[in-house]
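Visitor: here's my sequence, what's the structure:
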Amino acid sequence: MNSQPKIINRILESIRDCRTFCVVGHVRPDGDCIGSQLGLTLALLNQGKKVRCWNEDGNPRKLAFLDPDHLIQKPRPGMKFDCVIATDSASFERLGKVGACIAKRKLFINIDHHASNTRYADLNWVLARNPSTGEIIFRLLKAARWPITPPIADCLFTAVSTDTGSFQYPTTRPGTYHVAGELVQRGANLAKICDEVYQSYPLSRVRLLRHVYNHFHLTHDDQIAYLWLKKADYARTGADTSESEGLIDHIRDIEPVVIACVFEEIEPELTRISLRSKSNRVNVNDIASQFGGGGHNAAAGARIRGKPLSVQRKVIAAVKKALNSAH
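Guide: Numbers count the residues shown, from 1 in each chain. Below you'll find the model as predicted:
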């Protein structure tokens, strides 16, 4: 008797009927996005499928070890696919420039774990309680009885590890440890992953971290920590934008801080905000949604148009209101 959810069967039946695929992910990809994209791409290639793997922003340097064959490429217009699969992208808009290049498709599948997912595809498998999309891809591959090779295990372990904060976030479930253990059994190279992801930061990133500690601000009885990252900061430190991943954790981890916020200059009047919450009574997904963004209860973001100082005032006001409502 097949007891797995019907959506898994529908996805696998659809995949079996398709020959050409494109696996896509969100802009500014993190470890969960890249690990999920590459893990699924490798699994489909092993099944004899013809697969493209596209991301507008490419693969961050610290995750390059997962893609020795350079499978992740920038999107190209004019190509046709039997099936496009989006992983870890909460909305179609989060695919960025990829969106315009996947219009010629027969089927669109959306696999994700964000509570704010907008169900934008033909088939949507969204598990908001799952701590990572990598864990969902693992479940899909097991249901399909496809081989999980050591390279696939590396990709999925990286996805699970990075989106659980190395298994520290409260979203981490008992099943997450079982998935991680099984991925290690199947060949995930823990030493390599830990060295590449957590112990090999370039000097430019360390300079950016110094900027964080020199320029963060505290307000609202030190419950809110916030910081600006401007293009000049990247230019001065030599860092690229992918190196800001995880910097917000350094101000979130200050003891009195409940909410951390990073404002990042995208354009002179377009700001990317990242929010983190340490309290289960303050849902930053709700705050981000007020500005057209989304994410999870403890981690969310948005892109906001307007003058930088005006954006800062509006966001900090929304955070203060959420904190006051929580008491």
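Visitor: measure how buried the closest residue to residue 200 other than its chain neighbours is and give me the count.
Guide: Excluding its sequence neighbours, the residue lying closest to residue 200 (C-beta to C-beta, 6 or more residues apart in numbering) is residue 62, at 6.7 Å. Every C-beta, even on glycine, is put in place using the N, C-alpha and C of the backbone. As a burial measure, residue 62 scores 22 neighbours (other C-beta atoms under 10 Å).
Visitor: which residues does residue 62 contact?
Guide: By C-beta atoms under 8 Å, 6 or more residues apart in numbering, the contact set of residue 62 is 196-197, 200-201, 242.
Visitor: wait, which of the residues you listed is closest to residue 159?
Guide: Nearest to residue 159 among the contacts of residue 62 is residue 197, at 10.7 Å by C-beta to C-beta.
Visitor: ok, the closest one touching residue 158?
Guide: Yes - contact between residue 197 and residue 158 holds when scored by C-beta atoms under 8 Å: they sit 6.2 Å apart.
Visitor: what do these two both touch?
Guide: Shared contacts of residue 197 and residue 158, defined by C-beta under 8 Å, 6+ apart, comprise 31, 63.
Visitor: between those two, who's got more neighbours?
Guide: The neighbour comparison of residue 197 against residue 158 (other C-beta under 10 Å) goes to residue 158, with 30 against 21.
Visitor: tell me which helix or strand the more buried one sits in.
Guide: Residue 158 is part of helix 150-163, with elements assigned from DSSP states H and E.
Visitor: buried sites along that helix?
Guide: Going by neighbour count (16 or more other C-beta atoms under 10 Å), the buried part of helix 150-163 is 151-163.
Visitor: max pairwise distance over these: which two?
Guide: 151 and 163 (19.3 Å).
Visitor: on that earlier part again, quick check, nearest of the contacts of residue 62 to residue 261?
Guide: When the contacts of residue 62 are ranked by distance to residue 261 (C-beta to C-beta), residue 242 comes first, at 19.6 Å.
Visitor: burial measure for the closest one, as a count.
Guide: 17.
Visitor: going forward can the numbers begin at 754, since that is how I track them
Guide: With 754 as the first residue, the last one maps to residue 995.
Visitor: now do the same for it: helix, strand or coil?
Guide: The three-state assignment at residue 995 reads helix, by DSSP: H, G, I helix; E, B strand; the rest coil.
Visitor: could you measure from it over to residue 819?
Guide: Residue 995 sits 14 Å away from residue 819, going by C-beta to C-beta, to the nearest Å.
Visitor: go on, residue 807?
Guide: Separation of residue 807 from residue 819 (C-beta to C-beta): 16 Å.
Visitor: next: residue 826.
Guide: 14 Å.
Visitor: residue 990 too?
Guide: 25 Å.
Visitor: these two: who's more crowded?
Guide: Ranked by neighbour count (other C-beta under 10 Å), residue 990 and residue 819 place residue 819 first, with 25 against 20.
Visitor: identify the residue spatially nearest to residue 972, adjacent ones excluded.
Guide: In space, and not counting its chain neighbours, residue 972 is closest to residue 1069: 6.8 Å by C-beta to C-beta, 6+ apart.
Visitor: next: residue 910.
Guide: Closest to residue 910 by C-beta to C-beta, 6+ apart is residue 941, at 3.9 Å.
Visitor: tally of neighbours for that neighbour?
Guide: If you count neighbours by other C-beta under 10 Å, residue 941 ends up with 24.
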